[in-house]
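Trainee: Curious how this folds, go ahead:
(2 chains)
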Number of protein chains: 2
Amino acid sequence: MLDAPFAKWIDEHQDELIARLKEAVEIPSVSGDASYRPHVVRMGEWLKAELEKLGAEIRSVPLGKQVLDGQELDLPPALVGSLGNDPKKKTVLVYGHYDVQPAALSDGWKHEPFQFTHDKETGRLYGRGSTDDKGPIMGWINAIQAFQETKTEIPVNLRFCFEGMEESGSEGLEELVIKEAKGEFADVDAVCISDNYWLGTTTPCLTYGLRGLSYFSVSISGPAADLHSGVFGNVVHEPMTDLFDLFSKLVTPQGKILVPGINEKVAPLTDEERKLYEDIDVTLGDFEQAIGAKVTISEDKAEVLMGRMRYPSLSIHGVEGAFSGQGGKTVIPAAVKGKFSIRLVPDLDPDEVNELVQKYLKDEFAKLGSKNTLKVEMLSGGKPWVASIDHWNFRAAKDAIETVYGKTPSYTREGVTLTFAEALGKNVMLLPSTGDDGAHSTNEKLDLSNYIEGTKTLGQYLLNVPAAAASA
Amino acid sequence: MLDAPFAKWIDEHQDELIARLKEAVEIPSVSGDASYRPHVVRMGEWLKAELEKLGAEIRSVPLGKQVLDGQELDLPPALVGSLGNDPKKKTVLVYGHYDVQPAALSDGWKHEPFQFTHDKETGRLYGRGSTDDKGPIMGWINAIQAFQETKTEIPVNLRFCFEGMEESGSEGLEELVIKEAKGEFADVDAVCISDNYWLGTTTPCLTYGLRGLSYFSVSISGPAADLHSGVFGNVVHEPMTDLFDLFSKLVTPQGKILVPGINEKVAPLTDEERKLYEDIDVTLGDFEQAIGAKVTISEDKAEVLMGRMRYPSLSIHGVEGAFSGQGGKTVIPAAVKGKFSIRLVPDLDPDEVNELVQKYLKDEFAKLGSKNTLKVEMLSGGKPWVASIDHWNFRAAKDAIETVYGKTPSYTREGVTLTFAEALGKNVMLLPSTGDDGAHSTNEKLDLSNYIEGTKTLGQYLLNVPAAAASA
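Mentor: Here you go, the predicted model:
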């Protein structure tokens, strides 16, 4: 139980903190759709203003241009800035992203995804971005506000880096971080990221490793326009037939990647390492509850955890350009793009994976004997990463979790890929949210209790830094 | 060259006939989407009024209910009626459908699909339904109006059957036709349907056979909601992986169906039959032009024609429930429905095909070792059919084509499935439109020249019936 003044302030100002999250969620900042780009920009402006209200100095940094949906667009700017410059204090860089995944009511949401819905019965705060990643960003703002309102000194200098392209490959981020490593981030001692999830719903986690990502779009094109299957079926080479044939050769139903050269680059498992996974406080039942069905590939808890953390995975996400509506449409799609991605673990490098995938798909396509045209593109790539959990950064967070939740965190390796560890050469830690929040899914939510306790954890973590660093 | 008064009237009233088609196209009567159902109903009411203006007696016949997109809906009514009741005249039943395929600008249309666009440079009339099947229905109305305006006696009794569910499996039609075989259609001597296409763009066709259709929806479901691939990749059995594996076993890139028992039921080819296809006035180049690319499975014209007409085909249309947008989304879809259909030729029966497909997919799914759940549904089924081209019905149409176009038609077997031949036991003929109209595709159009000459052909066909029938 945490009874510090800043924590009491948080408890007493819940409505205000909920209202802040509502404002953020209701700006539909979808980075992957050109028509939403003005909302992403507006979200950045809103966030900059919130940070400035706290006294932070924030710059909106242009990241250049991109081509999306056939249009040339400005990338959403990154927000870079600082609060505090005391040379006696440690400096912590906080990262978050203010863009979100696409969402539509028709995907199966109970509520409009961009209408914030507080279900008071279950205590759930519904809306796209509630947990990924607007909730955690609000958590930082809430904690800083609580310190200021209660005249609590913040014992660290803060640096901020908030981007608006995380859900679309973090375009422009790497260059920015490399540049600011000698600028705004030059004094950074450690990094804290809050953009991933607990394993279940009871034990908090600290994440010290991330799988990387190689995201592929595979275009197969043939006829000049869509055709009627009654008229052209068994006349033309159908792009969909080729695509299904090709994608059936990517991964087995048991999750084994079939692209040659990938599995060979994964470090072999030691007995000691396996024990680490067996010790994590999670059960097969926790997984089944988060998944909502008994469809795990393995029924051995450690195997499930390793499938999630230490092995690569390959998921087929969908097909662009084919019939995707309800009912029946007798179309032969003229050109389709199949999308899949591979999650990477050490020592898989996205560029190497790209080469392996390109070669394999081109070889397999040649075997089909189709006159259609194949094009394989890696849309985005990010390297995998593993950090040291003995650093004061992790100890400060571990102590905060023990104080707020009364539990020792599990140490996990998972989530999205980031470039901070590489570009800054500093310790990077992830402080996740509850495991059933449904990031990237329909009905994404954040539990009110986790919003409140998570805000306290972020604050307490900052308060713990000086002592943890002193004992390092 | 046809210089009958009704034909001159048609030439002189082109603007009026174009305006009629424009009105029809701009009612977005998409039968496969529940939210468009009021437009389908409105289109039926509009068509009924147009027919009544000509003096026809038309009943709007309710066809019962259906469940679509989770809602119970009234099926769009069929329009059944008559014009003329002279016992000395032959009676011809005219069929058409007033519903259309789905269409959206974002699918790649040059113009809004439900905004009629007359490109005066190319003479093309763009819009969803322009050729399939509103153009041909307008052709009948135009021809009858031309007869009336020029005081030309219509030498046949007409019966009408217009449905609003053809693009969604013609639900309710079979029962209606069986019932009306003893009612409104009791005196019918022959049937004329205008709902398919020439082989190319130069030689008119008459169609005496149709491939049937079995349309399948294959549901694979696992997790309760969509999952983040960074968190659950290599943890769960992914429905998309199972679907791609399964669908890769349906058909080869060369169009060979892999479902056991299907090819065995197709009648073997005779040398004589092959010669028929070699004689059809079409070249490989015509096909490549209609397709817009050199992607025919065979480069032998007769093989291409047989692939289209006398052999079955299997096309994969798309996936419902997966990511179908642009860019990248790292989702593991929780439940997906793959859609494919098989075009049927004698002696393939949709119910038999359903049994073969169900058994095959269930057996193959069992081999995958996935804990996900499979459900295979045949959404619609229609039998294949072949008619006699020696009947007066075909001779009257052949003569009309020779008069209007100055060319002998090719005889083809292809297109959509219908129940008239079976239910009425009368000769059924199809009078198609130009081959590059793009029915079911983006940028569907009807050439103005074909709209006008086609209207004349329908009229001349009716004028030819008495003489053709007398010489039978």
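
Trainee: A:E364 belongs to a strand?
Mentor: No - assigned with DSSP: H, G, I helix; E, B strand; the rest coil, A:E364 falls outside any strand and is helix.

Trainee: check contacts around it.
Mentor: A:246, A:249 (Cβ atoms under 8 Å, 6 or more residues apart in numbering or on different chains). To be clear about C-beta, it is placed using only N, CA and C from the backbone, and glycine gets the same treatment.

Trainee: if you set the cut-off to 10 Å instead, what comes out?
Mentor: Contacts for A:E364 (Cβ atoms under 10 Å, 6 or more residues apart in numbering or on different chains) come out as A:242, A:245-250, A:258-259, A:374.

Trainee: same check, this time on A:V331
Mentor: By Cβ under 10 Å, 6+ apart, the neighbours of A:V331 are A:226-229, A:232, A:240, A:322-323, B:101-102, B:107, B:315, B:317-318, B:339, B:341, B:440-442.

Trainee: Just the buried ones out of the contacts of A:E364, please.
Mentor: A:242, A:245-250, A:259, A:374 (16 or more other Cβ atoms under 10 Å in any protein chain shown).

Trainee: if we can go back for a sec, which ones among the contacts of A:V331 are found in strands?
Mentor: A:227-228, B:315, B:317-318, B:339, B:341 (DSSP state E).

Trainee: Among these, which one lies nearest to A:A19?
Mentor: Distance to A:A19, by Cβ to Cβ, is smallest for B:G318 among the ones in strands among the contacts of A:V331, at 42.0 Å.

Trainee: Please parse chain A into its domains.
Mentor: Per the record, chain A has its domains at A:5-210+A:384-470, A:212-266+A:311-382, by automatic domain parsing.

Trainee: Can you lay out these as JSON lines showing mean pLDDT and distance to B:L269?
Mentor: Converted to JSON lines, the domains of chain A look like this (pLDDT from 0 to 100; distance: least, Cβ to Cβ, whole Å):
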{"stretch": "domain A:5-210+A:384-470", "mean pLDDT": "91", "distance to B:L269": "46"}
{"stretch": "domain A:212-266+A:311-382", "mean pLDDT": "96", "distance to B:L269": "14"}
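
Trainee: so which of those comes closest to B:W392?
Mentor: Comparing the domains of chain A by Cβ to Cβ, domain A:212-266+A:311-382 comes nearest, at 27.3 Å.

Trainee: is chain B contacted by stretch A:384-399?
Mentor: No - Stretch A:384-399 stays clear of chain B (Cβ under 10 Å from any Cβ of the partner chain), getting no nearer than 11.2 Å.

Trainee: measure that stretch end to end?
Mentor: 27 Å (Cα to Cα, to the nearest Å).

Trainee: And for stretch A:242-254?
Mentor: Stretch A:242-254: ends 23 Å apart by Cα to Cα.

Trainee: can you check stretch A:102-112 too?
Mentor: Across stretch A:102-112, the terminal residues are separated by 12 Å (Cα to Cα).

Trainee: Stretch A:97-115 now?
Mentor: 19 Å.

Trainee: Skipping adjacent residues, who's closest to A:V259 in space?
Mentor: A:Y360 (4.9 Å; Cβ to Cβ, 6 or more residues apart in numbering or on different chains).
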